[in-house]
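# okay, here's the prediction I keep looking at, along with the sequence it came from:
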Amino acid sequence: MLNISKENLTNSEEFDRFQSTQDVKNKTRYLTFNKVMFALGIVLLVFMFLPWTQNVRGNGNVTTLDPSQRPQSIQSVIPGRIENWYVDEGDIVKQGDTIVFISEIKSEYFDPLLLDRTKNQITSQNFSRNSYNEKAKALARQLEALQNERVLKLEQVQNKLQQAKLQVISDSIDLEAAKTQLSIAKRQFRRVDTLYAEGLKSRVEYENKELKLQQSQAKLISQQNKLLASKNKLINAKIDLSTLETEYENKISKAQSDRQSALSAYYNTEAKVTKLENELSNYTLRQGVRYITAPQGGFINRAIQKGIGETFKEGAEIVSIMPTEIDLAVETFIRPIDLPLMHPGEEVRIIFDGWPAIFFSGWPNMSFGTYGGKVVAVERNISANGKYRVLIKPDPAEQDWPDVIRAGSGAKTFALLKDVPIWYEIWRQINGFPPDYYMPSNSNDNAKKNQNTKK
């Protein structure tokens, strides 16, 4: 109504017969509604300033921190054929229990006497090795004897050589003496010849001097022959020395060559023995791995290879086993935008799939059915799903996790962050901003300690 007319219609009795006009004319009703709305506004205003705990949510599953406690597949290190199963799916096995027996499928391992034949080969090769070793020792002794004999022979020949040298010197001196005697005899003969011609010497004296001259000439020729013979002996001694050195060098070289050949055969045989021993060890161990045993106590999840007589290659998975005693943990995945907010030691609330829970994200103390955890590690490489992996262990200060949960079960996580007013959280959510970045107090303390240490 525009109230253009000055006539007040509210005073007309015709409107009083309508309930709606009576309610409109009732000003007390308006006052009550205004009071209620005003009270609600005050409550809403106060509510906007209440604290709200920011959190980072993630989805993951139950796992373990120890890799040895995670589900694993038992593999065969050799190719083979399944001969007998000793367990059923769902059985509980202990460490060392036999799971399956396999047989060989390679022809080089079919011989049932393979180990005995290999041992016989090792025995024969050991005998051959010892023979070569003894031969090498005998040649070493022979070589030592040749070297000692060469020293003595060389010393003997060198003595003969020295004697020949001294004989040459002695004959040379005798030759010079003979030359001197011949010169004296010639002078005496010329004097006697002159005196004999003058009649001063008798013919007997002349003939005596002539005889002495001839004897001196003969002695000179004889001494020259002796000198030449001595020189020949010296040359022969030198030739003997050279021949002896060559002869013994050949003998010693041949002995060394034979010894090296014996040693080469010895080491070659030793290499064969080592190879055969290695093969024997491999054959022995290979027979042991025909029985596939449990590496640790656990639960037989599933038999991957089936039936009897089925063949498989080396490295093939035979059976899947789950350890019975495990330390539970949770791996969850968070968005890259929330990565700076996660720190080791951060408190986390966890909801396990299939476990009843009532969760109020802003007031975790009012939640029921949730379990406490702490961040152990934050992966530094992004996962295939485009998120970062975070590992969480049970919080010792909280109640224990349920015993009925198993590895692989789903879990939802809520990392508790900074407390902010509700109006700020609504404003952040509307604008799509991330939670406030902060550093936990223990991280700040560690950073200060590191700085003080560096100083």
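That came in fine, so what should we check first? Residues are numbered from 1 along each chain as shown.
# next, the contact list for the nearest residue to Ile382 once chain neighbours are set aside, please.
In space, Ile382 comes closest to Tyr388 once its chain neighbours are excluded; the distance is 5.9 Å by Cβ to Cβ, 6 or more residues apart in numbering. For every residue, glycine as well, the C-beta is placed using N, CA and C. By Cβ atoms under 8 Å, 6 or more residues apart in numbering, the contact list for Tyr388 reads Phe333, Ile334, Arg335, Pro336, Leu339, Met342, Val378, Glu379, Ile382.
# cool, Ala407 as well?
Contacts were defined as Cβ under 8 Å, 6+ apart; by that measure Ala407 touches Asn61, Val62, Thr63, Thr64, Arg70, Pro71, Met322, Ile326, Leu328.
# doesn't it fall inside a helix?
No. Secondary structure of Ala407 (DSSP: H, G, I helix; E, B strand; the rest coil): coil, not part of a helix.
# from Leu161, how far off is it?
97 Å (Cβ to Cβ, to the nearest Å).
# over to Leu213?
In terms of Cβ to Cβ, Leu213 sits 38 Å off from Leu161.
# of these two, who's got more company?
Just comparing Leu213 and Leu161: by other Cβ atoms under 10 Å the higher neighbour count belongs to Leu213, 21 against 18.
# return the distance of that one relative to Glu207.
Distance check for Leu213 against Glu207: by Cβ to Cβ, it reads 11 Å.
# same check on Ala197?
In terms of Cβ to Cβ, Ala197 sits 14 Å off from Glu207.
# try Ala138
77 Å.
# okay, now the unreliable bits of the stretch 251-400 of the chain?
Counting by pLDDT under 70, the stretch 251-400 of the chain has low-confidence residues at 356-369.
# what sits up against stretch 207-224?
Residues from elsewhere that reach stretch 207-224 (Cβ under 8 Å, 6+ apart): 171, 174-175, 177-179, 181-182, 184-186, 188-189, 192-193.
# just those residues now: which is nearest Asn130?
Among the contacts of stretch 207-224, Asp171 lies closest to Asn130 (Cβ to Cβ), at 60.9 Å.
# what's the neighbour count on the closest one?
20.
# that one - nearest residue in space that isn't next to it in sequence?
Leu227 (4.1 Å).
# how distant is the helix or strand where that neighbour lies from the center of its chain?
According to DSSP states H and E, Leu227 maps onto helix 203-288. Chain-centre distance of helix 203-288: 57 Å, with Cα atoms, centre = their mean, to the nearest Å.
# now the element after it, going C-ward?
strand 291-293.
# which parts of that next one are buried?
Using 16 or more other Cβ atoms under 10 Å as the test for burial, strand 291-293 gives Ile292, Thr293.
# elements contacting the helix or strand following that strand?
Counting by DSSP H and E, the next helix or strand C-terminal to strand 291-293 is strand 298-303. Packing contacts for strand 298-303, counted by 3 or more Cβ pairs under 8 Å, 6 or more residues apart in numbering; DSSP states H and E, involve strand 92-93, strand 317-323.
# longest strand in the chain, by residue count?
Ranked by number of residues, the top strand in the chain under DSSP state E is strand 51-64.
# give the partner strands of that one in its sheet and their orientations.
Strand 51-64 has the following strand partners under DSSP bridges: strand 328-334 (antiparallel), strand 410-421 (antiparallel).
# which residues touch Arg150?
Contact analysis of Arg150 by Cβ under 8 Å, 6+ apart lists Leu244, Glu245, Tyr248, Ile252.
# need the residues you listed in TSV (columns: distance to Phe312).
As requested, the contacts of Arg150 are exported to TSV (distance: Cβ to Cβ, whole Å):
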residue	distance to Phe312
Leu244	75
Glu245	72
Tyr248	69
Ile252	63
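# PyMOL command to pick out the buried ones of those?
The following PyMOL line selects those of the contacts of Arg150 that are buried, judged by 16+ other Cβ under 10 Å:
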select buried, resi 244+248+252
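# can you name the two of the contacts of Arg150 that are farthest apart?
Counting by Cβ to Cβ, the most remote pair of the contacts of Arg150 is Leu244 and Ile252, 12.1 Å apart.
# quick one: Trp427 from Met48, how far?
10 Å.
# give me the neighbour count for Lys219.
18.
# try Asp240
If we define neighbours as other Cβ under 10 Å, then Asp240 has 17 of them.
# separation between it and Ser230?
Distance of Asp240 to Ser230, given as Cβ to Cβ: 15 Å.
# repeat that for Val348.
115 Å.
# of those two, which one has the most company?
Neighbours per residue, other Cβ under 10 Å: of Val348 and Ser230, the larger number sits with Val348, 24 against 21.
# list the contacts for that one?
Thr332, Gly372, Gly373, Lys374, Val375, Ile392, Thr413, Phe414, Ala415, Leu416.
# what's the answer for Phe110, then?
Contacts for Phe110 (Cβ under 8 Å, 6+ apart) come out as Glu104.
# do you know the pLDDT at it?
pLDDT, Phe110: 81.
# who does the closest residue to Arg406 other than its chain neighbours form a beta bridge with?
Among residues not flanking Arg406 along the chain, Val62 sits closest, at 6.8 Å (Cβ to Cβ, 6+ apart). With DSSP bridges applied, Val62 shows beta-bridge pairing to Val330.
# that older thread, name the member of the contacts of Tyr388 with the most neighbours.
Counting by other Cβ under 10 Å, top hit in the contacts of Tyr388: Ile334 with 22 neighbours.
# mind checking how far that residue is from Thr370?
18 Å.
# how about Leu65?
Going from Leu65 to Thr370 by Cβ to Cβ gives 21 Å.
# looking at those two, which has the bigger crowd around it?
Ranked by neighbour count (other Cβ under 10 Å), Leu65 and Thr370 place Thr370 first, with 22 against 16.
# I'd say that one and Phe352 touch.
No. Taking contacts as Cβ atoms under 8 Å, Thr370 lies outside contact range of Phe352: 9.1 Å.
# which of the contacts of stretch 207-224 fall in helices?
Among those, the members found in helices (DSSP state H) are 171, 174-175, 177-179, 181-182, 184-186, 188-189, 192-193.
# show me which of the contacts of Tyr388 is closest to Glu144.
Looking across these and measuring by Cβ to Cβ, the closest to Glu144 is Glu379, at 71.6 Å.
# let me see the contact set for the closest one.
Counting by Cβ under 8 Å, 6+ apart, Glu379 makes contact with Tyr388, Arg389, Val390, Leu391.
# just the pLDDT at the residue in the chain sticking out farthest from the centre, thanks.
Computed with Cα atoms, centre = their mean, the residue of the chain farthest from its C-alpha average is Gly199, at 122.4 Å. With respect to pLDDT, Gly199 scores 75.
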